[in-house]
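Trainee: Just to be clear, the model below is a prediction. Sequence and coordinates:
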Amino acid sequence: MVAAVHTKGEGLNSVFDIFSKEYRRAVIFCALVTLAPIAYGYDGTYFTALLETPTFGESIAFLMEQD
């Protein structure tokens, strides 16, 4: 199902018309909105795994003992 508003009243003729110049900005915006949660989730998973490693815990304990 393809739905879009066209200023001339023609609309989309096929699914691939969304890649035309007039829809480029909307497609880029939607792609960024879709990719942002994926990147956020990956970031959180990466740093959570890093904090749980034994080497990291030993390094932090060593630094806290020095203070």
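Mentor: That came through fine.
Trainee: Quick check: what element follows the longest helix along the chain along the chain?
Mentor: As assigned by DSSP state H, the longest helix anywhere in the chain is helix 24-51. Using DSSP states H and E, the next helix or strand after helix 24-51 towards the C-terminus is helix 54-66.
Trainee: Give the other helices and strands that that following helix contacts.
Mentor: Using 3 or more CB pairs under 8 Å, 6 or more residues apart in numbering; DSSP states H and E as the contact test, no helix or strand touches helix 54-66. In short, each C-beta sits where N, CA and C put it, glycine included.
Trainee: Report the rounded mean pLDDT for it.
Mentor: Helix 54-66 comes out with an average pLDDT of 80.
Trainee: Identify all contacting residues around that helix.
Mentor: Defining contact as CB atoms under 8 Å, 6 or more residues apart in numbering, one finds that helix 54-66 is touched by residue 50.
Trainee: ok, back up a step: quick one: the longest helix of the chain to helix 54-66, angle?
Mentor: Interaxial angle, helix 24-51 versus helix 54-66 (axes from the mean of the first three to the mean of the last three CA atoms, to 10 degrees): 70 degrees.
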